[in-house]
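# Model the structure of this input:
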Amino acid sequence: MKVVIIGGVAAGASAAARIRRLDEDAEIVVLERTGYVSYANCGLPYYVGGIIEDRSALTLQTPGSFASRFAVDVRVRSEAVRIDRASKTVRVRSLTSGEEYDESYDYLIICTGAKALMPEMGGADDPRVLTLRTVEDCLAMHDLARRSGVRRAVVAGGGYIGLEAAENLRHLGLEVTILQRSSQILPPADIEIAAEAASEMRRNGVAIRYGASVAGFRGGDALEVLLADGTSMEADMAVIALGVVPDTQLARDCGLELGVKGAIRVDGRMRTSDPCIFAAGDAVSVTDPLTGRESHIALAGPANKQGRIAADCICGRDSEYHGTVGTSVIKVFDMTIAFTGLSEKSAKAAGIVCDKAFTYSSSHASYYPGARSMSVKTVFDPDTGRILGAQIAGYEGVDKRIDILSVAVRAGMTAKDLEGLELSYAPPYSSAKDPVNMAGFVISNLVDGLVRQVHWEDIPAVREAPEVVMLDIRTEGEFAEYSIPGSINIPLDSLRERLSELDVSRRYCLICRTGLRSYIGCRMMVQHGYDCFHLAGGVRLYRAVVEGIRSGGESLPCGAERRPGL
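Okay, here's the model as predicted:
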């Protein structure tokens, strides 16, 4: 059996190694058009910034190591230019010599990945205009950023690559500006979590310009970045990070069936519309298990798994891919942002009814030194409490919690299930009620009707409703420092004794810092006959989204005070 694999990075390298482990007699050829194989795409920005110092650390394998360990024929700088399905051959061009030849196959695996989105724009061929997708891109950016006189960088796009490039260029001391066409960075996230990331970027000296998009470039001593609104700005280098699109021209030209965004359509066994051709990685479309819709999600974890599954099926094993829920994580300076499942906006776009809960929990026991707060947004079915997705912004422990919630999403777990999860606890690592448990408690209270909530975007309507009183139950000091206009103040600890001051015929929107005290206040008032609800996420969330002001990092629960002498 002869297997030809086009593309030798995540999916392709995984498929090649798996085939060899399953079939010692198979002939395996990997064609890779760059000069590197099995390299760490996700590590490239950190080499630019000097976090990863050893260039060789970016390559997990070399053609030589693949040959010696797996007996795989890896050909770098070899571009597949055409697939002839009838003759089962691939036309290959050597990018070193220009020579072309035909390579036959019994099975073909297309792992061509995705390419950086580069719209047509004048001046984009200037060597100071870069993308960050391959090792060659990384080396060019690494060298340019360190040249004498290079001190200003513009990054077009505030997605994963844009933020990682901006952070690492900032590590080198460059002045960095992100140009974001929409009103938020990190488009996969909802605005509440994106606001946390934006605050962290600004805190570390990165400027963000919303509603700004690049129209082109003009060369000169300085690179002039031309914006769509007719203005311009000067820079010494620019990074185009507008996202990626599936690199599927080969598949299109040979007539394979394509799906969303032009990605290759495959079945659960990674087989294309041609039974002898498989595909895996960023070039393929996947099914979203929550919506049933076809989607394109470019992530290294799924790509590696898909390459393995394609190899299994070629070798006669019964493996199947069950879709992608999109679990991912990104470092934003000291902060970690993580996602899984549906965001609020993606759920609504799919026509799925959902609600959201906001919780603020310490990364570990608040009395143990170093605890910091994490912001958790959980999207759920308001009728059943099923967990549909989650997003977290915080510091240590974010990755652990998002992985637990990813399993919850995949397994169809509900808030009650989260409540009952038995998670490891010791003061340096967590709390007896883990942040995941806390999300379950809050959602269960909502589903069971123990409390009602409104969200930051509802405040204008709440403020204008004549029958509603906005009651801030933080301390007098907190209220004096900041309050939502139109609210009155009765601190929680004196609320019970002052209930007689409140008109039982009115409705009350309770407000605190993060939503914990306002929940307690609601439970108190409801049992005394008052009609009330509370502001989810409290003043902390409201200010972060509406005013761009983040009071982050605090480790104490809402309303708790650090007492001296303890």
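
# Check the offset of stretch 125-138 from the chain's centre.
23 Å (CA atoms, centre = their mean, to the nearest Å).

# Name the residues of it that are buried.
Asp126, Arg128, Val129, Leu130, Thr131, Leu132, Arg133, Thr134, Val135, Asp137, Cys138 (16 or more other CB atoms under 10 Å). Every C-beta, even on glycine, is put in place using the N, C-alpha and C of the backbone.

# Out of those, which two sit at the greatest distance?
Asp126 and Val135 (21.1 Å; CB to CB).

# if you skip the residues just before and after it, what's nearest to Ser375?
Nearest non-adjacent residue to Ser375, counting by CB to CB, 6 or more residues apart in numbering: Ala393, 4.6 Å away.

# In contact with Thr324, which residues are there?
Val286, Thr287, Asp288, Pro289, Ser295, Ile297, Leu299, Pro302 (CB atoms under 8 Å, 6 or more residues apart in numbering).

# Repeat the analysis, applying 10 Å as the threshold.
285-289, 295-299, 301-303, 305-306 (CB atoms under 10 Å, 6 or more residues apart in numbering).

# and it, what are its phi and psi?
Thr324 adopts backbone torsions of phi -130, psi 130, taken as degrees, to the nearest 10.

# Test for you: state the pLDDT assigned to it.
pLDDT for Thr324: 95.

# which sections of the chain are below the confidence cut-off?
Counting by pLDDT under 70, the chain has low-confidence residues at 550-566.

# okay, now the domains of it?
For the chain, automatic domain parsing gives the domain ranges 2-39+58-113+245-314, 129-242, 334-447, 453-547.

# Nearest approach to Gly326 belongs to which of those domains?
Comparing those by CB to CB, domain 2-39+58-113+245-314 comes nearest, at 5.2 Å.

# Render the CA-only coordinates of stretch 441-459 in PDB, please.
The C-alpha trace of stretch 441-459 is given here as PDB (Å, rounded to 0.1, in the frame of the first residue of the first chain):
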ATOM      1  CA  PHE A 441     -24.900  26.600  41.400                       C
ATOM      2  CA  VAL A 442     -25.700  29.900  39.800                       C
ATOM      3  CA  ILE A 443     -27.300  28.400  36.700                       C
ATOM      4  CA  SER A 444     -29.300  26.000  38.800                       C
ATOM      5  CA  ASN A 445     -30.700  28.900  40.900                       C
ATOM      6  CA  LEU A 446     -31.800  30.600  37.600                       C
ATOM      7  CA  VAL A 447     -33.300  27.500  36.100                       C
ATOM      8  CA  ASP A 448     -35.100  26.700  39.400                       C
ATOM      9  CA  GLY A 449     -36.500  30.200  39.700                       C
ATOM     10  CA  LEU A 450     -34.700  31.100  42.900                       C
ATOM     11  CA  VAL A 451     -33.500  34.300  41.400                       C
ATOM     12  CA  ARG A 452     -34.100  36.400  38.300                       C
ATOM     13  CA  GLN A 453     -31.500  38.400  36.500                       C
ATOM     14  CA  VAL A 454     -31.000  41.200  34.000                       C
ATOM     15  CA  HIS A 455     -27.900  41.900  32.000                       C
ATOM     16  CA  TRP A 456     -25.700  44.900  31.400                       C
ATOM     17  CA  GLU A 457     -27.400  45.600  28.100                       C
ATOM     18  CA  ASP A 458     -30.800  45.700  29.800                       C
ATOM     19  CA  ILE A 459     -29.900  48.600  32.100                       C
END
